[in-house]
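**Student:** Structure for the following, please:
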Amino acid sequence: MNTPLYLDHNASAPARPEVVAAMQAALLTPGNASAPHGYGRAARKLVEDGREAVALAMGVCAQDLVFTASGTEAVNTAVKSAVNAGCQRLYISSMDHPASILMAETIGAEVLMIPALSCGLLDLNWLRAELARHDVAIYGRPFISIAVANSETGVIQDAETIVDMVRDMDGLLLFDAVQALGKIPLNVVAMADYVAVSAHKIGGPQGVGALYIAPDTPYASMMIGGGQEKRRRAGTLNVAGIAGFGAAAELDANLSHTRKIRDAIAAGLKSMEPKLTIFGEDAPRLPNTLFFAVPDTPSSTLMMGLDLAGISVSTGLACSSGKVGASRAVTAMGLADKAPNGAIRISLGYTSKPEDAETFLQAWAKIRKHAIKGAA
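**Tutor:** Purely as a prediction, here's the structure:
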């Protein structure tokens, strides 16, 4: 295998050295964060320091932040809270993570999927019209769930317009900011009723997330038992994980350097692939994300070839990347015909270097030559 090249940060960014150090120190603190003695107070301080750091990165009040075991749990909790509060018709982005869509379906609420335009932006005219027809007497307050930045295409939604629209209807708004945290400013995103984030997308540990709940916003616990997190989520707190999350949130997460690397890869692919499609190219995107397809070779074959060359990429969502066919985002955009054999996602991060573009393109050229020769 060649020198490894990790290009799958949207699935999970490598843990940053400062995070590892913070977690190691926390693991040497033996106390339970709920215990009243000295060790317990020391563990509690680590939790509250982590809460302050994550809240600051999100632009929210620390007291309104609840730690969870994942971004999925955070999203699940927001959906459950809204339905328990009487929201019976939910408007969910057709490109949302399954955490919101499946939870809404499981809990028995009516779900209307917000369609997407071919560029990857949501059809906000459709949403505005549907909200205008929403009957509060029948369905309760409207609940809207939107992923701020799509994990596959990197397309960034118009958060400001969405916030204004939902406010006008006195609705409840969930922003899934799992992919957005650390990549774009969240000052507008933080104006939502619920905001979900996750540590491992920014170089923190896996298995730690958080949910912001605005004051006076309905809330229903997913975990029942003890009185942790001000009785908002039961269960012993993951002190080391929270300390790691806080350490990651405090680091400079500027990924502007990845834009040049991504664009260099895109330019090289365009010169090699006349039938290349780059999804979301004409919309605002995260600077680190490139999602593309070539119609003549299965994406799984291309991903395996890259893996053998020591290059880690994805075919889309990590939780569904083993599936064959078009991604949820590509289907919602109406572009499934552009990716009959799936698509490839490259996502860069703090470990990415300028020379990564040439390394990838050289490997790609060899793999494509072999694939085309094999198909002949």
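
**Student:** going on from whatever helix or strand Ala55 lives in, what's the next piece of helix or strand?
**Tutor:** Counting by DSSP states H and E, the element that carries Ala55 is helix 38-58. Later in the chain than helix 38-58, the nearest helix or strand by DSSP H and E is strand 65-68.

**Student:** hmm, back to that, what comes up buried for the helix holding Ala55?
**Tutor:** 40, 42-44, 46-47, 49-55, 57-58 (16 or more other Cβ atoms under 10 Å). In this view, the C-beta of every residue, glycine as well, is placed from N, C-alpha and C.

**Student:** ok, residues contacting it?
**Tutor:** Residues outside helix 38-58 that contact it (Cβ atoms under 8 Å, 6 or more residues apart in numbering): 26, 29-35, 61-62, 64-65, 67, 177, 181-182, 186, 189-190, 195, 197, 210, 212, 237, 239, 242-247, 249-250, 253.

**Student:** What's the local residue count around Asp216?
**Tutor:** 7 (other Cβ atoms under 10 Å).

**Student:** In three-state terms, label it for me.
**Tutor:** What DSSP: H, G, I helix; E, B strand; the rest coil gives for Asp216 is coil.

**Student:** and it, how far is that from Ala85?
**Tutor:** 11 Å (Cβ to Cβ, to the nearest Å).

**Student:** Pull out the CA atoms of the helix holding Ala55 and give them to me as PDB.
**Tutor:** The C-alpha trace of helix 38-58 is given here as PDB (Å, rounded to 0.1, in the frame of the first residue of the first chain):
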ATOM      1  CA  GLY A  38     -13.400  16.300  45.100                       C
ATOM      2  CA  TYR A  39     -12.900  13.900  42.300                       C
ATOM      3  CA  GLY A  40     -16.500  14.300  41.200                       C
ATOM      4  CA  ARG A  41     -16.100  18.100  41.200                       C
ATOM      5  CA  ALA A  42     -13.000  17.800  39.100                       C
ATOM      6  CA  ALA A  43     -14.800  15.700  36.600                       C
ATOM      7  CA  ARG A  44     -17.700  18.100  36.600                       C
ATOM      8  CA  LYS A  45     -15.400  21.000  35.900                       C
ATOM      9  CA  LEU A  46     -14.100  19.200  32.800                       C
ATOM     10  CA  VAL A  47     -17.700  18.700  31.600                       C
ATOM     11  CA  GLU A  48     -18.600  22.400  32.200                       C
ATOM     12  CA  ASP A  49     -15.400  23.600  30.600                       C
ATOM     13  CA  GLY A  50     -16.200  21.400  27.600                       C
ATOM     14  CA  ARG A  51     -19.800  22.800  27.500                       C
ATOM     15  CA  GLU A  52     -18.600  26.400  27.500                       C
ATOM     16  CA  ALA A  53     -16.100  25.700  24.600                       C
ATOM     17  CA  VAL A  54     -18.700  23.900  22.500                       C
ATOM     18  CA  ALA A  55     -21.400  26.500  23.200                       C
ATOM     19  CA  LEU A  56     -18.900  29.300  22.300                       C
ATOM     20  CA  ALA A  57     -18.100  27.600  19.000                       C
ATOM     21  CA  MET A  58     -21.800  27.300  18.200                       C
END
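
**Student:** mind checking how far it is from the chain centre?
**Tutor:** The chain centroid and the centroid of helix 38-58 are separated by 23 Å under Cα atoms, centre = their mean, to the nearest Å.

**Student:** Give the rounded mean pLDDT of that helix.
**Tutor:** Averaged over helix 38-58, pLDDT sits at 95.

**Student:** how is this structure carved up into domains?
**Tutor:** Segmentation of the chain into domains, based on automatic domain parsing, reads 5-14+254-375, 17-250.

**Student:** The protein: strands as residue ranges?
**Tutor:** Using DSSP state E, the strands of the chain run over residues 5-6, 65-68, 89-93, 110-114, 143-147, 172-176, 194-198, 209-213, 277-278, 289-293, 311-312, 344-347.

**Student:** Including mean neighbour count, could the ones you listed go into a markdown table?
**Tutor:** Formatted as a markdown table, these follow (neighbours: other Cβ atoms under 10 Å):
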| stretch | mean neighbour count |
| --- | --- |
| strand 5-6 | 20 |
| strand 65-68 | 24 |
| strand 89-93 | 24 |
| strand 110-114 | 16 |
| strand 143-147 | 28 |
| strand 172-176 | 28 |
| strand 194-198 | 29 |
| strand 209-213 | 26 |
| strand 277-278 | 18 |
| strand 289-293 | 27 |
| strand 311-312 | 20 |
| strand 344-347 | 27 |
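
**Student:** can I get these in TSV with distance to Arg233 and mean pLDDT?
**Tutor:** Putting the strands of the chain into TSV (distance: least, Cβ to Cβ, whole Å; pLDDT from 0 to 100) gives the following:
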stretch	distance to Arg233	mean pLDDT
strand 5-6	32	98
strand 65-68	5	96
strand 89-93	22	97
strand 110-114	25	96
strand 143-147	20	97
strand 172-176	17	98
strand 194-198	13	98
strand 209-213	9	97
strand 277-278	40	98
strand 289-293	31	97
strand 311-312	33	97
strand 344-347	29	97
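
**Student:** Mind putting those into JSON lines with distance to Ala21?
**Tutor:** Shown next, in JSON lines, are the strands of the chain (distance: least, Cβ to Cβ, whole Å):
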{"stretch": "strand 5-6", "distance to Ala21": "20"}
{"stretch": "strand 65-68", "distance to Ala21": "20"}
{"stretch": "strand 89-93", "distance to Ala21": "37"}
{"stretch": "strand 110-114", "distance to Ala21": "42"}
{"stretch": "strand 143-147", "distance to Ala21": "32"}
{"stretch": "strand 172-176", "distance to Ala21": "29"}
{"stretch": "strand 194-198", "distance to Ala21": "21"}
{"stretch": "strand 209-213", "distance to Ala21": "21"}
{"stretch": "strand 277-278", "distance to Ala21": "38"}
{"stretch": "strand 289-293", "distance to Ala21": "29"}
{"stretch": "strand 311-312", "distance to Ala21": "24"}
{"stretch": "strand 344-347", "distance to Ala21": "25"}
